[in-house]
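>>> please find the sequence and the predicted model below.
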Amino acid sequence: GNSVTQMEGPVTLSEEAFLTINCTYTATGYPSLFWYVQYPGEGLQLLLKATKADDKGSNKGFEATYRKETTSFHLEKGSVQVSDSAVYFCALSDPNDMRFGAGTRLTVKP
Amino acid sequence: EPEVTQTPSHQVTQMGQEVILRCVPISNHLYFYWYRQILGQKVEFLVSFYNNEISEKSEIFDDQFSVERPDGSNFTLKIRSTKLEDSAMYFCASSPDRVSGNTIYFGEGSWLTVV
């Protein structure tokens, strides 16, 4: 079945540091890939997505590239801010299923 | 921007009581979902709903759970006899259709505490 594995947290960075959160997937078909973000006390918000191999999703300085050869969709940001502190969920969907990773908590310190 | 809305935002209930969580999906969406997130754990799929019937459900979605679309706008999750382990954040979501690549839009969640 489909599954998503993402880097375990928590991740603590200083402001302006480079961020990478790893995400790999297993899927039988050709899924779309997503990153969702959950800020403290809030629901899930779509951060970015990619629907086919080599697509790059980007939003708010975050980027992730759909790599079919490595079955990965790593989230990156060049310079994090305190306001980026949240839990980040990698997810995949295909016509039959949507699966989430376990979530990675990011804390950015000033 | 259209959004999925959920009520209540928080509910505390006694074990064994029935709970109904309400959701208003985005108006032109056709697929509706419930997910849950036990505190500190991953987001888990419960059920999807299309054309007034359950499309898929997970092993978590047992006989104590039911979903309904009682009118043209609301989508409800009923938990018949709550257990302590039902304490979680319940997210409603909707999507325009079920084609892969369509974003699923989530509500803010309903936090259920069973005591």
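Structure received.
>>> now check stretch B:56-75, is it near chain A?
Yes. Stretch B:56-75 comes into contact with chain A (Cβ under 8 Å from any Cβ of the partner chain), by way of residue B:56. For the C-beta atoms, the positions are set from N, CA and C on the backbone; glycine is no exception.
>>> any idea of the mean pLDDT in that stretch?
Taken as a whole, stretch B:56-75 has a mean pLDDT of 92.
>>> hmm, who's touching that stretch?
Contacting residues not belonging to stretch B:56-75 are listed as A:96-97, B:22-25, B:27, B:32, B:34, B:36, B:44-49, B:52, B:54, B:76-81, B:83, B:92, B:94 [Cβ atoms under 8 Å, 6 or more residues apart in numbering or on different chains].
>>> which of the residues you listed are buried?
Listed as buried from the contacts of stretch B:56-75 are A:97, B:22-25, B:32, B:34, B:36, B:44-49, B:77, B:79, B:92, B:94; burial here means 16 or more other Cβ atoms under 10 Å in any protein chain shown.
>>> burial count for residue A:31?
Per other Cβ atoms under 10 Å in any protein chain shown, the neighbour tally for residue A:31 reads 28.
>>> correct me, but it touches residue A:94?
Yes. Between residue A:31 and residue A:94 there is a contact under Cβ atoms under 8 Å: 4.3 Å.
>>> wait, residue B:28 sits on residue B:96?
Yes. Between residue B:28 and residue B:96 there is a contact under Cβ under 8 Å: 6.8 Å.
>>> of those two, who's got more company?
residue B:96 (14 against 8).
>>> tell me the contacts of that one?
Contacts of residue B:96 (Cβ under 8 Å, 6+ apart): B:28, B:29, B:30, B:31, B:102.
>>> filter these down to the ones in helices?
Counting by DSSP state H, the contacts of residue B:96 place none of their members in helices.
>>> okay, and which of those residues map to strands?
Cross-referencing those against strands under DSSP state E gives residue B:31.
>>> pLDDT score assigned to residue A:107?
So residue A:107 comes in at 96 (pLDDT).
>>> in which helix or strand does it reside?
Secondary structure assignment for residue A:107, by DSSP states H and E: strand A:104-109.
>>> okay, buried residues for that strand please.
Neighbour counts using 16+ other Cβ under 10 Å place A:104, A:105, A:106, A:108 of strand A:104-109 among the buried residues.
>>> among the contacts of stretch B:56-75, which ones are in strands?
A:97, B:22-24, B:32, B:34, B:36, B:44-49, B:54, B:76-79, B:92, B:94.
>>> residue numbers of chain A in contact with chain B?
Checking chain A against chain B by Cβ under 8 Å from any Cβ, the hits are A:29-32, A:34, A:36, A:42-46, A:49, A:51, A:89, A:91, A:93-103.
>>> let's see it at 7 Å
Counting by Cβ under 7 Å from any Cβ of the partner chain, chain A comes close to chain B at A:31-32, A:42-44, A:46, A:49, A:51, A:89, A:93-95, A:98, A:100-103.
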